[in-house]
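Trainee: fold the following, please.
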Amino acid sequence: MNVTVRRRRTALLALGALAASGCGIAAAAASQATAPPPGFEASFDYDRSAPLAPTAALQAQTDLVRIEKVTFRGADGSRVPALLALPKRAAAPFPCLVEGHALTSSKDEVFAEKAEAYATRGVAIFALDARYHGERKAGIGPLRAAARLDTLHRLFRLTVIDMRRGLDYLAERGICDPSRLGYEGRSMGGFMGSMLIGADTRIKAAVLLVSGADWRTYFSKSYALLGGPLRGRALDDAVRKMASLDPKYWIARASGRPVFMAAGRRDDLTPLASALALHRAARQPKQALVYDGGHDLEEPYGTRVSRASAAFLKRYLRIRPG
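Mentor: Alright, predicted model coming up:
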């Protein structure tokens, strides 16, 4: 081998090593970028010994259901307003569903739609106002809270802790059958449900509708939060701030507990790419339904999703369809 050939071979080997090293660095960077931030598991921790100091009072009742207005101390000591619907033709402990409402909605809207329908099936439901919603607007309100990064982070983190405190309250009263305690949430409520089922093993199954994961994908494609879609530094800042709450990390922690997810191909609030990121991150057993409609579950897609989720709840929580 002459000197020229040896030099060329040496140069090629060096280039090959540099390329391999570069690929390794890129792969490591990509892996680091998608890995959960250190200590994220503590995001929804709270002091289980802190007193709930609950109150409960009759708000309304029919032949089928008793609805109580409940309050208890939340994540930061503030009072959490909630509603509890108890079937009158069944006895505790009931199968129970914790309900998560959408952005700009409230516990009251959830109950107007669901309380009596679930009572006919012997199911107790429990819903609280998310931070900055319903009775908790506190001069900010949902849209202003969703437009600012610091309040958006508080909205998700503290509401999920409040939900965990709500589970403590239900357990104190012995209302729910622990083996039949589930979660049902739509849009923002579904995002929170991903976090809750990952943080709290008391939730045995969850229905998550028109919800997603992967903040980078979501914030870059949706206009629902932070004045998006975001680009550049604004996107990087949002992803960094919200990283520990990304549903893709939390839903993966629910392995072994069933999850039903539904997403619309034409959803402009929870883009399909974000919904599919949630579907991929969920572990078995899971069921994902993708329909051709949008975020509002308009017909005929609403009926299709309702029937599929009812079949899921029947299978995993033994809740009979309505």
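Trainee: so what's residue 84 bridging to?
Mentor: Under the criterion DSSP bridges, residue 84 forms beta bridges with residue 68, residue 126.
Trainee: isn't it right up against residue 175?
Mentor: Yes. When contacts are counted by Cβ atoms under 8 Å, residue 84 is listed as touching residue 175 (7.5 Å). Bear in mind the C-beta positions are built from the backbone N, C-alpha and C, glycine included.
Trainee: what's the overlap in contacts for these two?
Mentor: When contacts are counted by Cβ atoms under 8 Å, 6 or more residues apart in numbering, residue 84 and residue 175 are jointly contacted by residue 124.
Trainee: neighbour count for those two, which is higher?
Mentor: Neighbours per residue (other Cβ atoms under 10 Å) separate residue 84 from residue 175, with residue 84 holding more: 25 against 17.
Trainee: in the protein, where is pLDDT below threshold?
Mentor: Where the chain drops to pLDDT under 70, the residues are 1-33.
Trainee: quick one, strands of it?
Mentor: With strands called from DSSP state E, the chain shows them at 55-61, 65-73, 79-87, 94-100, 124-128, 176-186, 205-209, 259-264, 286-291.
Trainee: distance to residue 165 added to the ones you listed, as CSV?
Mentor: Listed next are the strands of the chain as CSV, based on distance: least, Cβ to Cβ, whole Å:
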stretch, distance to residue 165
strand 55-61, 14
strand 65-73, 6
strand 79-87, 7
strand 94-100, 12
strand 124-128, 9
strand 176-186, 15
strand 205-209, 18
strand 259-264, 23
strand 286-291, 27
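Trainee: can you say which of those strands is nearest to residue 301?
Mentor: Closest approach to residue 301 among these is made by strand 286-291 (4.3 Å; Cβ to Cβ).
Trainee: what pairs with the closest one, parallel or antiparallel?
Mentor: Under the rule (DSSP bridges), strand 286-291 has strand 259-264 (parallel) as partners.
Trainee: and the strand it pairs with with strand 205-209, angle?
Mentor: Between strand 259-264 and strand 205-209, the angle comes out at 10 degrees (axes from the mean of the first three to the mean of the last three Cα atoms, to 10 degrees).
Trainee: does residue 287 touch residue 260 like I think?
Mentor: Yes. Contact between residue 287 and residue 260 holds when scored by Cβ under 8 Å: they sit 4.8 Å apart.
Trainee: tell me, what's touching these two both at once?
Mentor: Residues touching both residue 287 and residue 260 (Cβ under 8 Å, 6+ apart) are 308, 312.
Trainee: pick out whichever of these two has more residues nearby.
Mentor: Neighbour count, other Cβ under 10 Å: between residue 287 and residue 260, residue 260 has more, with 26 against 19.
Trainee: distance of the more buried one relative to residue 190?
Mentor: 10 Å (Cβ to Cβ, to the nearest Å).
Trainee: swap in residue 297?
Mentor: Counting by Cβ to Cβ - residue 297 and residue 190 are separated by 12 Å.
Trainee: with residue 111 instead?
Mentor: Here residue 111 is placed at a distance of 18 Å from residue 190 (Cβ to Cβ).
Trainee: the more surrounded of the two?
Mentor: residue 190 (27 against 23).
Trainee: dump the residue contacts of the more buried one.
Mentor: 100, 208-211, 261.
Trainee: phi, psi of residue 292?
Mentor: Main-chain dihedrals, residue 292, degrees, to the nearest 10: phi -90, psi 0.
Trainee: residues near it, how many?
Mentor: Applying other Cβ under 10 Å, we find 10 residues neighbouring residue 292.
Trainee: now do the one 10 residues further on
Mentor: Around residue 302 sit 15 other residues, with neighbours defined as other Cβ under 10 Å.
Trainee: again with residue 71
Mentor: With other Cβ under 10 Å as criterion, residue 71 counts 18.
Trainee: same deal with residue 47?
Mentor: When neighbours are defined as other Cβ under 10 Å, residue 47 has 8 of them.
Trainee: need the overlap of contacts for residue 297 and residue 190.
Mentor: Shared contacts of residue 297 and residue 190, defined by Cβ under 8 Å, 6+ apart, comprise 209-210.
Trainee: residues in contact with the nearest residue to residue 246 once chain neighbours are set aside?
Mentor: Residue nearest to residue 246 in three dimensions, not counting chain neighbours: residue 215, with 5.3 Å by Cβ to Cβ, 6 or more residues apart in numbering. By Cβ under 8 Å, 6+ apart, the contact list for residue 215 reads 238-239, 242-243, 246.
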